[in-house]
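Asks: give the three-dimensional model of this entry:
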Amino acid sequence: MNCPDGWVGVWHDGRVSNPPVTTCVRHPDRPTGLACTRCGRPACPECLRPAAVGQHCVDCVRQGQRDVRPVRTVGGARAGGSAVPAVTYGLIAVNVLVYVITAAQAGSAMDNYRGSALFRSWVLVPRLVADGEWIRVVGSGFLHYGAIHLLVNMFALYVVGRDLERVLGRVRFACVYAVSLLGGSAAVMALTESFGATAGASGAVYGLFGAVTVTLIRLRQSPTPMLVVIGINVVISFSIPGISLWGHLGGLAAGTLSALGILFVPEWLSAKNQETAQRIGWAALAGVTVLCLAVIVGAAVAQRGEPAVVLVGAPPGSSQS
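Replies: The predicted structure is shown next:
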């Protein structure tokens with residue numbers, strides 16, 4: 001006899017006819033009457049996931065996730081990523097740790113720059129950098145003259161760093177901070193007395209001020225609050241003796257240029273896609289870095305002909321950055 005599909009038939013000789021049983025493509029031992037509405041393959045309930053229309057197998061779900069581009073911020077960071085600004089907190093922790101070491105070596109929380117071997121080794125003295133002590137270019141950005149200096153800089157880093165890190169992403173944020181630090185050191189090397197001593201994270205923090213201002217403009221928000229903050233701090237740098245004006249302005253310039261390179265230069269160059277925009281941003285950031293390093297090296301070479309200096313305790317002409 002002939003039977004429609006899905007029926008069980010009995011032939012004249014007694015044989016029983018059963019229709020073929022479909023099984024799950026991932027579990028051949030499991031019969032199933034279900035199928036993926038995307039690819040049409042049979043699948044058991046364990047291998048199916050609810051979808052907007054019907055149900056999709058786990059393979060189609062994975063393929064769909066790969067095909068969807070992640071949403072990113074204007075700075076290229078993944079939107080909805082970790083809410084913890086790990087780089088900002090890490091930088092604060094490093095600055096505090098270095099301060100604790102210098103205070104312990106000096107035996108004083110306020111006069112940590114006197115009698116601290118680490119402070120003497122890292123404080124930025126252009127003439128000593130010219131003698132080959134390059135660690136001072138970076139290390140000075142983690143030193144502070146007393147607890148108040150540290151607290152002011154770390155509070156500013158905490159306030160501006162958290163939001164900027166979310167927009168730029170951890171790696172770009174860390175790079176902007178580092179380039180801002182180099183910019184402050186470059187300005188000190190080129191524009192201050194060769195025997196002066198400068199220390200502090202203010203150059204890097206000023207760079208973040210500039211980067212936040214550029215970010216606000218890119219987001220079409222008012223940059224006025226940040227411009228007021230920058231203006232007040234520049235006036236303070238001019239007015240109070242012992243503050244490194246050039247360290248602040250150098251960091252501000254480097255951070256601003258870095259943010260412009262990440263947020264605006266790709267648009268100015270008509271980047272066709274996100275990947276190209278990111279490459280252009282990294283290239284611009286590298287260009288600012290090379291410029292800062294060139295200024296530092298050039299200033300060091302120019303100062304090698306000056307008399308040598310031996311640093312003992314806190315040298316005259318010390319300034320906070």
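Asks: centre of the chain to stretch 110-127, how far?
Replies: Relative to its chain's centre, stretch 110-127 lies at 28 Å (C-alpha atoms, centre = their mean, to the nearest Å).
Asks: in that stretch, what's buried?
Replies: 111-113, 116, 118-120, 122-127 (16 or more other C-beta atoms under 10 Å). Quick note: C-beta positions are derived from backbone N, CA and C, even for glycine.
Asks: with only the CA atoms kept, save it in PDB.
Replies: Taking Å, rounded to 0.1, in the frame of the first residue of the first chain, the C-alpha atoms of stretch 110-127 are listed here in PDB:
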ATOM      1  CA  MET A 110      55.600  67.200  53.900                       C
ATOM      2  CA  ASP A 111      59.300  67.400  53.100                       C
ATOM      3  CA  ASN A 112      59.500  64.100  51.200                       C
ATOM      4  CA  TYR A 113      61.800  65.700  48.600                       C
ATOM      5  CA  ARG A 114      64.600  66.200  51.200                       C
ATOM      6  CA  GLY A 115      66.600  63.100  51.900                       C
ATOM      7  CA  SER A 116      64.800  60.800  49.500                       C
ATOM      8  CA  ALA A 117      67.100  58.900  47.100                       C
ATOM      9  CA  LEU A 118      64.200  58.100  44.700                       C
ATOM     10  CA  PHE A 119      63.300  61.800  44.600                       C
ATOM     11  CA  ARG A 120      66.900  62.800  43.800                       C
ATOM     12  CA  SER A 121      67.100  60.100  41.100                       C
ATOM     13  CA  TRP A 122      63.800  61.000  39.300                       C
ATOM     14  CA  VAL A 123      63.300  64.800  39.700                       C
ATOM     15  CA  LEU A 124      63.500  66.500  36.300                       C
ATOM     16  CA  VAL A 125      66.800  68.500  36.100                       C
ATOM     17  CA  PRO A 126      67.400  69.300  32.400                       C
ATOM     18  CA  ARG A 127      71.200  69.400  32.800                       C
END
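Asks: packing partners of the strand or helix carrying residue 90?
Replies: With secondary structure defined by DSSP states H and E, residue 90 is part of helix 86-106. Secondary-structure packing of helix 86-106 (3 or more C-beta pairs under 8 Å, 6 or more residues apart in numbering; DSSP states H and E): helix 117-122, helix 146-168, helix 170-191.
Asks: now that helix: buried residues?
Replies: Neighbour-count burial for helix 86-106 [16+ other C-beta under 10 Å]: 87, 88, 91, 92, 95, 98, 99, 102, 103, 105, 106.
Asks: likewise for stretch 273-293?
Replies: In stretch 273-293, counting by 16+ other C-beta under 10 Å, buried: 277, 278, 280, 281, 282, 284, 285, 288, 289, 291, 292.
Asks: for residue 288, see how far away the fifth one is.
Replies: Spelled out, it's residue 282. From residue 282 across to residue 288, the span is 11 Å (C-beta to C-beta, to the nearest Å).
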